[in-house]
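K.L.:
Coordinates for the following, if possible.
(one chain, ligands or ions: 3)
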Amino acid sequence: VSALRLILGDQLSRSLASLRDCDKTNDLVVLAEVMEEASYVPHHKKKLVFVFSAMRHFASELEKSGYRVRYYKLTDPDGADSLTDIVETLVKTHAPDRLVLTAPGEYRVRNMMEDWRETLDCSVVILEDDRFIASHADFEAWAGPDPKSLRMEYFYREMRKRTGYLMEDGKPIGGKWNFDAENRKAIPAAIQPPPRPHTPPDAITSDIIAMVGEKFPDNFGDLEPFDYPVTRRAALHALDWFIDAALPDFGTYQDAMRTGDPLLFHSHISALINIGLLDPREVCEKAIAAYENGKAPINAVEGFVRQVIGWREFIRGVYWLKMPGYGEENALNAKAPLPDFFWTAETDMNCLAQSIGDTKRLAFAHHIQRLMVIGNFSLLAGLDPKQVQHWFLLVYFDAYEWVEMPNVVGMALFADGGFFASKPYAAAGAYINRMSDYCSGCVYDPKKRTGTGACPFNALYWEFLDRHRQRFASNRRMSVILANLDRFEPEDLKAIRTEAKRFRESLTSAYAAP
Ligand code: FAD
Ligand code: DLZ
Ligand code: SF4
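P.N.:
Numbering: from 1, shown residues only. Ligands and ions are numbered 1, 2, ... in the order given. The predicted structure is shown next:
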């Protein structure tokens, strides 16, 4: 063997840097299901099925294309517990000249690979993961030395210029960079999203479902029904469906939430991009083609492209800039343990029961459910950022630390003190009531601030602002909100404090995380 090429479970792209110059005759491509990766957090059962099945399908496609592939199943008797064990064994048996790798998404795995440089008896080559549009060096150059704060919007404009996406003569198409103001509508009951294509399990996926059921019975979430794309072909089919059927209304209803349907007009492709089955450039280019062909409006296409070349790339940049140590940040000194209902979805707060219920069922919830329901609750209730990160990393099938951590630490919890969020994403019941149908099915009244039947988000919201008043006083974007707080009568404020405290004390956290 000349080169050993280890492909990680989220590197399932034929265009991957470490496959590009592969010598099909002399090189050995390796993919390995290992317990260490399968259990660094107790992943949702559907996430495990998704990753393993996509890995097995990818390996089998490589084999069909003539690559020499060594695939380790989790249950193989000659398997190993960790990626380190796998490469150590293979280097001993095959004595390759070099181990060729594509840089991993996570810091933890990068450290592991750096250790291999010392411990393995062959050279270790780590190539840049150029499936991302901005390299680490690009992002660092844009951010400048030791930045105190960064804003996605400016990074996004650079990315638009660099890719030329939605640009004409150096200017943004449609006359402005951002059409977000048009993308905040609630969804009327009469509007039904078009039916999605199905991808029922094939024999490979069915085997894995049985294996995950057996080996991970106590992990969070429903194992079945499993209906996610696990091949490049099925991923492309899902993308094409989105572009044709859902993209036109994606922008308008991007922030809307509806009972029983967390997908609505969303693309549902985050996991497919993150694992490598779809490429971020191709998804943007297909969306832009739909705009150019008059099939989707600018607010939808710009909104979508911004998520992918803006937010996704920015979030990754922040992660690598702030690691190590980012996960430890706790600017608001939040210490409360995760309530049991995060695991059971059993709470009489309907918005949380629905959003966590969707998460349990599907290993998915859309952005506003994550940010403005579950994240917002975690922020207001002062939940420990480490526990919240752990939860978000294990429950979603698109979750890898590089994308989960900044979204939780920076966006949802303001635990980095506002490194990239100009103000906390805190909201009372009125926001959830405006953007969803959850409140009509809830025992609480979103319009009531305190007293019997009042929505708990309301007292929590005002008490949160009251608690952090000093910190937010110098934030210009918070001044109007704090001025409202100042108008409360002393007895109102007292009731808010008492009820928020009582509510927080009523939360139980006895359930052991899986
Ligand atoms: P769409 O709404 O259709 O958006 C299109 C694409 O844009 C997504 O597929 C995704 O690739 C990208 N994108 C959009 N927003 C973001 C963002 N904030 N960060 C990174 N990419 C983005 N996304 C993950 O991929 N993995 C995570 O672990 C994850 N954890 C999150 C945790 C919290 C607390 C929050 C608030 C957001 C998190 N997100 C995460 C971002 C976002 O919620 C999901 O990417 C999105 O819901 C996926 O659904 P979709 O594919 O239908 O997205
Ligand atoms: C998420 C995941 C899981 C569950 N299992 C594996 C695995 O068995 N083997 C593997 O190579 N990768 C797996 N992955 C993806 C890795 O965790 C991911 O590559 C790293 O977190 C780096 O982003
Ligand atoms: Fe959530 Fe409050 Fe609405 Fe109930 S009333 S669904 S708790 S926002």
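K.L.:
any chance you could map the strands in the stretch 51-200 of the chain?
P.N.:
69-72, 98-102, 123-127, 167-168, 171-172 (DSSP state E, counting those that start in this stretch).
K.L.:
Just put the ones you listed in CSV and tack on mean pLDDT and mean neighbour count.
P.N.:
Every residue, glycine included, has its C-beta placed from N, CA and C. Below are the strands of the stretch 51-200 of the chain laid out as CSV (pLDDT from 0 to 100; neighbours: other Cβ atoms under 10 Å):
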stretch, mean pLDDT, mean neighbour count
strand 69-72, 98, 18
strand 98-102, 98, 23
strand 123-127, 98, 16
strand 167-168, 98, 12
strand 171-172, 98, 14
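K.L.:
So which of those strands is nearest ligand 2?
P.N.:
Of all the strands of the stretch 51-200 of the chain, it is strand 69-72 that lies closest to ligand 2, at 8.5 Å by Cβ to the nearest ligand atom.
K.L.:
Compute the number of surrounding residues for Ser474.
P.N.:
Ser474: 8 surrounding residues under other Cβ atoms under 10 Å.
K.L.:
what's near enough to touch the residue of the stretch 301-450 of the chain found nearest ligand 2?
P.N.:
Closest to ligand 2 within the stretch 301-450 of the chain is Tyr400: 4.8 Å, counting by Cβ to the nearest ligand atom. The contact partners of Tyr400, by Cβ atoms under 8 Å, 6 or more residues apart in numbering, come to 10, 105-106, 274, 393.
K.L.:
Need the pLDDT of Ala134.
P.N.:
pLDDT, Ala134: 98.
K.L.:
how about it, what does it touch?
P.N.:
When contacts are counted by Cβ under 8 Å, 6+ apart, Ala134 is found next to 142, 159, 313, 316-317.
K.L.:
now for the helix or strand hosting Glu404, which elements pack on it?
P.N.:
Per DSSP states H and E, Glu404 falls inside helix 401-405. Applying 3 or more Cβ pairs under 8 Å, 6 or more residues apart in numbering; DSSP states H and E, one finds that helix 401-405 makes contact with helix 107-119, helix 313-322, helix 385-395.
K.L.:
again, only using 7 Å
P.N.:
Here helix 401-405 touches helix 313-322, helix 385-395, going by 3 or more Cβ pairs under 7 Å, 6 or more residues apart in numbering; DSSP states H and E.
K.L.:
Any residue of the lengthiest helix in the chain touching ligand 2?
P.N.:
Looking across the chain with DSSP state H, the single longest helix is helix 45-64. Yes. On the criterion Cβ under 6 Å from any ligand atom, helix 45-64 is in touch with ligand 2 at 48, 51.
K.L.:
if we look at that helix, which residues are touching it?
P.N.:
Here helix 45-64 makes contact (Cβ atoms under 7 Å, 6 or more residues apart in numbering) with 9, 12, 29, 31, 33, 38, 69, 71, 204-205, 208-209, 212, 216, 219, 221, 223, 226, 228, 230-231, 271, 275, 277, 363, 397.
K.L.:
Compute the inter-axis angle for it and helix 385-395.
P.N.:
If you take axes from the mean of the first three to the mean of the last three Cα atoms, to 10 degrees, helix 45-64 sits at 50 degrees to helix 385-395.
K.L.:
Can I get helix 45-64 in PDB, CA atoms only?
P.N.:
C-alpha atoms of helix 45-64 as PDB (Å, rounded to 0.1, in the frame of the first residue of the first chain):
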ATOM      1  CA  LYS A  45     -30.700   6.700  17.500                       C
ATOM      2  CA  LYS A  46     -31.600   8.200  14.100                       C
ATOM      3  CA  LYS A  47     -28.400  10.100  13.900                       C
ATOM      4  CA  LEU A  48     -26.400   6.900  14.400                       C
ATOM      5  CA  VAL A  49     -28.400   5.100  11.700                       C
ATOM      6  CA  PHE A  50     -28.000   8.000   9.400                       C
ATOM      7  CA  VAL A  51     -24.200   8.200   9.800                       C
ATOM      8  CA  PHE A  52     -23.500   4.500   9.700                       C
ATOM      9  CA  SER A  53     -25.800   3.900   6.700                       C
ATOM     10  CA  ALA A  54     -24.400   6.800   4.700                       C
ATOM     11  CA  MET A  55     -20.900   5.500   5.500                       C
ATOM     12  CA  ARG A  56     -21.700   2.000   4.300                       C
ATOM     13  CA  HIS A  57     -23.400   3.200   1.200                       C
ATOM     14  CA  PHE A  58     -20.500   5.500   0.400                       C
ATOM     15  CA  ALA A  59     -17.900   2.800   0.900                       C
ATOM     16  CA  SER A  60     -19.800   0.400  -1.300                       C
ATOM     17  CA  GLU A  61     -20.100   3.100  -4.100                       C
ATOM     18  CA  LEU A  62     -16.300   3.700  -3.900                       C
ATOM     19  CA  GLU A  63     -15.800  -0.100  -4.200                       C
ATOM     20  CA  LYS A  64     -18.000  -0.200  -7.300                       C
END
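K.L.:
Alright, I will stop here.
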